[in-house]
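Enquirer: attaching a predicted model along with its sequence, questions to come.
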Amino acid sequence: SAVISQKPSRDICQRGTSLTIQCQVDSQVTMMFWYRQQPGQSLTLIATANQGSEATYESGFVIDKFPISRPNLTFSTLTVSNMSPEDSSIYLCSVDLGADTQYFGPGTRLTVL
Amino acid sequence: AQSVTQPDIHITVSEGASLELRCNYSYGATPYLFWYVQSPGQGLQLLLKYFSGDTLVQGIKGFEAEFKRSQSSFNLRKPSVHWSDAAEYFCAVGGDYKLSFGAGTTVTVRA
């Protein structure tokens, strides 16, 4: 496995503002993923972030709302833009360490007031 | 399209009793199947995975799962539950580097 960290672990934000979430992994990985887990719900894939290419977004998620950066093989950021209370969720990053197996970070718990 | 169904939203089990969590999947090819556990306030931890071969898979924390192709199922079991097993359990099916998760089953352990 790998050690995956996320910052911040939690935050409370005002509507209309933006928050950038960082994901750091202790080894080089090609594929990183961002998920959203709304309260009491399962995980939904937001986008796949591969180093050296634009992120690939899933249906229902757009780059203007969730811009992603992937500057190197150990780091990625997800920004939640122009937030509303409906964006209150846990945001998780994951990495694929091979054989289609994903390992997850601890998550960022976001509350939007 | 791949999908996962976890029929049980919530299960309560006594400490020391056995536990079985159900998972049914839909996938066009041979699936990659996973069970993850999420303790309160934590991220997801991989319990076990199935890719091919032996249909009975052993995982961490004393969990095992059995793949049954004829039933499109991948049920998770533990012979004797500990209080620390109280958590949310997610079944997932993978393919093309994407995971689709079930809705999850919340396990409550009573003393």
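Expert: Structure received. Residues are numbered from 1 along each chain as shown, chains lettered A, B, ... in the order given.
Enquirer: A:M32 touches A:Q102, doesn't it?
Expert: No. With contacts counted by CB atoms under 8 Å, A:M32 stays clear of A:Q102, the gap being 9.4 Å. To be clear about C-beta, it is placed using only N, CA and C from the backbone, and glycine gets the same treatment.
Enquirer: so what's in contact with these two at the same time?
Expert: Common contacts of A:M32 and A:Q102 (CB atoms under 8 Å, 6 or more residues apart in numbering or on different chains): A:94-96.
Enquirer: give me the subset of those lying in strands.
Expert: A:94-96 (DSSP state E).
Enquirer: now, which of those residues sits nearest B:V13?
Expert: For these, the minimum distance to B:V13 (CB to CB) is 28.6 Å, reached by A:S94.
Enquirer: model confidence for the closest one, exactly?
Expert: We have a pLDDT of 96 for A:S94.
Enquirer: residue contacts, it?
Expert: The contact partners of A:S94, by CB under 8 Å, 6+ apart, come to A:4, A:32-33, A:35, A:102-105, B:44.
Enquirer: also B:F51?
Expert: Contacts of B:F51 by CB under 8 Å, 6+ apart are A:99-100, B:32.
Enquirer: quick one: which of A:M32 and A:Q102 has more around it?
Expert: Per other CB atoms under 10 Å in any protein chain shown, whichever of A:M32 and A:Q102 has more neighbours is A:M32, with 27 against 24.
Enquirer: any idea which helix or strand carries that one?
Expert: Element membership for A:M32 (DSSP states H and E) is strand A:31-37.
Enquirer: other SSEs contacting that strand?
Expert: On a contact count with 3 or more CB pairs under 8 Å, 6 or more residues apart in numbering or on different chains; DSSP states H and E, strand A:31-37 meets strand A:19-25, strand A:43-50, strand A:75-80, strand A:89-96.
Enquirer: okay, those strands, which one's buried deepest?
Expert: strand A:89-96 (a mean of 24; mean count of other CB atoms under 10 Å in any protein chain shown).
Enquirer: okay, that one in CSV with CA atoms only?
Expert: Listed next in CSV are the C-alpha coordinates belonging to strand A:89-96 (Å, rounded to 0.1, in the frame of the first residue of the first chain):
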residue,chain,number,x,y,z
SER,A,89,-19.4,16.3,1.6
ILE,A,90,-16.4,14.3,2.4
TYR,A,91,-13.9,14.5,-0.5
LEU,A,92,-11.5,11.6,-0.9
CYS,A,93,-8.5,11.1,-3.1
SER,A,94,-7.3,7.7,-4.1
VAL,A,95,-4.4,6.2,-5.9
ASP,A,96,-4.1,3.1,-8.1
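Enquirer: angle of it against strand A:31-37?
Expert: If you take axes from the mean of the first three to the mean of the last three CA atoms, to 10 degrees, strand A:89-96 sits at 160 degrees to strand A:31-37.
Enquirer: now the element after strand A:89-96, going C-ward?
Expert: Downstream of strand A:89-96, the first helix or strand assigned by DSSP H and E is strand A:102-104.
Enquirer: can you tell me the centre-most residue of chain B?
Expert: Geometric centre of chain B, nearest residue: B:W35, 3.8 Å, by CA atoms, centre = their mean.
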